[in-house]
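> quick check, what structure comes out for this input:
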Amino acid sequence: MTSVAVTGLTKRFGASSAAVDGITFEVRSGTFVTLLGPSGCGKTTTLRLIAGLARPDAGEIRVGDRVLSSGSKGVFVPPEKREMGMVFQSYAIWPHMTVFENVAFPLRERRVPQKEIRDRVMSALALVSLTDFAQRPAPLLSGGQQQRVALARALVGNPQVLLLDEPLSNLDARLREQMRFEIRNMQVRLGITTIFVTHDQLEAMTLSDSVIVMNTGRIEQIGSPREVYERPSSRYVMDFLGQVNHLPARIRIVGGTARAAVDGAEIALPDAAGLADGEQAVLAFRAQAITLDPRGPLRGVVTAATYTGGQMEYLVRVGDASIRVAAPPDTEAPVGSTVALAIAPNAIRAWRDATKA
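Have a look, this model is predicted:
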């Protein structure tokens with residue numbers, strides 16, 4: 001098993017701003033790390049730089065003790081010599097080949113002996129439960145089966161690192177859920193160091209040991225799924241990871257204790273995040289953090305109620321803000337009724353209100 005270290009990695013395209021802007025991170029040996037962010041944030045470019053499919057303008061990429069790319073040292077190892085397996089978003093399955101031939105292709109390019117090719121291909125197909133499909137023409141495969149073929153082809157060369165570029169984006173919802181668990185179980189079983197790229201927060205949460213949240217070529221936060229979800233380091237991270245409520249407030253600090261004044265009520269805060277007494281702020285919290293509670297300090301009017309199967313979801317008007325509230329499925333709060341609300345203090349993040357600056 002091998003770790004991956006990226007230091008000061010930078011990539012520009014023409015005179016535009018950097019697609020990857022001096023990022024640094026490490027993937028520990030045998031772990032599953034996700035690069036997460038919206039389109040254009042630099043995550044796929046980062047993966048291509050690690051794979052050697054693009055040449056960085058600055059920075060260093062190291063796998064174990066081996067330098068794969070370094071501008072200062074004049075090193076650039078071509079992709080075929082990096083001992084990495086990669087699965088592309090499109091899978092890149094050749095339609096004129098059988099499943100066996102698709103998986104065998106990289107070994108034939110390296111002139112591996114025929115008997116070894118057969119043994120390794122069948123072993124790779126066994127990993128993805130496609131042994132019985134070895135001679136099936138590729139065009140007759142379903143989307144999920146094509147993805148498994150791409151995985152087998154990436155693994156057949158016994159790579160040190162597995163790179164996955166949004167491999168689930170072309171699957172329907174049911175298959176995506178199934179393949180998430182299959183990929184994670186396979187990665188744990190093999191113990192292979194894996195870097196996964198996605199814009200899907202649920203994929204990042206369910207698959208990863210660590211999540212790297214990216215924004216405009218830079219890293220916003222690195223942490224476990226629980227850390228980045230429950231303790232986001234910036235408003236960008238919190239807003240990107242799931243639905244978030246925003247509630248205008250004024251900060252009050254009394255005796256070193258921070259509170260937020262909202263529509264005539266006061267809410268305890270875990271901290272004031274550098275905000276001053278009297279400053280205008282925005283409270284950010286998720287729908288699961290606010291409850292219908294007759295003892296709650298907030299009051300609001302229910303403007304919509306939706307049954308989503310496992311829970312009720314309400315829209316509640318508090319002052320000039322509309323917030324989402326998740327509640328048990330047997331909760332009854334009719335549209336037009338006034339309800340009391342409580343927010344878990346540790347779930348609140350307070351950000352300076354830029355519109356009031």
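
> phi and psi next, for the closest residue to residue 66 other than its chain neighbours.
With Cβ to Cβ, 6 or more residues apart in numbering as the criterion, residue 66 has its nearest non-adjacent residue at 8.0 Å, and that residue is residue 77. No exception for glycine: its C-beta is placed from N, CA and C like everyone else's. Reported as degrees, to the nearest 10, the phi and psi values for residue 77 are phi -90, psi 130.

> secondary structure element for residue 104?
Assigning secondary structure by DSSP states H and E places residue 104 in helix 99-109.

> and the protein, what are its domains?
Listed domain ranges for the chain are 4-239, 243-356 (source: automatic domain parsing).

> what mean pLDDT does the first one have?
I take that to be domain 4-239. Domain 4-239 shows a mean pLDDT of 92.

> ok, the nearest residue to residue 247 once chain neighbours are set aside - contacts?
Once flanking residues are discounted, residue 247 sits nearest to residue 283: 4.4 Å by Cβ to Cβ, 6+ apart. Residue 283 sits next to 245-249, 260, 262, 267, 269, 343, 348-350 when contact means Cβ atoms under 8 Å, 6 or more residues apart in numbering.

> one more: residue 192?
So residue 192 contacts 1, 30, 155, 159, 160, 161, 162 (Cβ under 8 Å, 6+ apart).

> for it, give me phi and psi.
phi -90, psi 140.

> residue ranges of the strands in the stretch 101-250 of the chain, please?
Using DSSP state E, counting those that start in this stretch, the strands found in the stretch 101-250 of the chain span residues 161-165, 193-198, 210-215, 218-223, 245-254.

> for the second one, C-alpha coordinates in PDB please.
Think strand 193-198. Extracted as PDB, the C-alpha positions of strand 193-198 are listed here (Å, rounded to 0.1, in the frame of the first residue of the first chain):
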ATOM      1  CA  THR A 193      -5.100   3.800  -1.900                       C
ATOM      2  CA  THR A 194      -8.000   5.500  -3.700                       C
ATOM      3  CA  ILE A 195      -8.800   9.000  -4.900                       C
ATOM      4  CA  PHE A 196     -12.400   9.600  -6.000                       C
ATOM      5  CA  VAL A 197     -13.700  12.700  -7.700                       C
ATOM      6  CA  THR A 198     -17.400  13.700  -7.400                       C
END
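
> tell me the angle of it relative to strand 161-165?
10 degrees (axes from the mean of the first three to the mean of the last three Cα atoms, to 10 degrees).

> next one: the longest one
For strand 245-254 against strand 161-165, the angle by the same axes, to 10 degrees is 110 degrees.

> following strand 245-254, which helix or strand comes up?
Next element after strand 245-254 (DSSP H and E): strand 257-262.

> show me how far that next one is from its chain's centre.
Its chain's C-alpha centre and that of strand 257-262 lie 32 Å apart, by Cα atoms, centre = their mean, to the nearest Å.

> for stretch 181-198, same thing?
For stretch 181-198, the distance to the chain centre is 14 Å (Cα atoms, centre = their mean).

> tell me which residues of it are tucked away?
Residues 182, 183, 184, 186, 187, 192, 193, 194, 195, 196, 197, 198 are the ones in stretch 181-198 that count as buried (16 or more other Cβ atoms under 10 Å).
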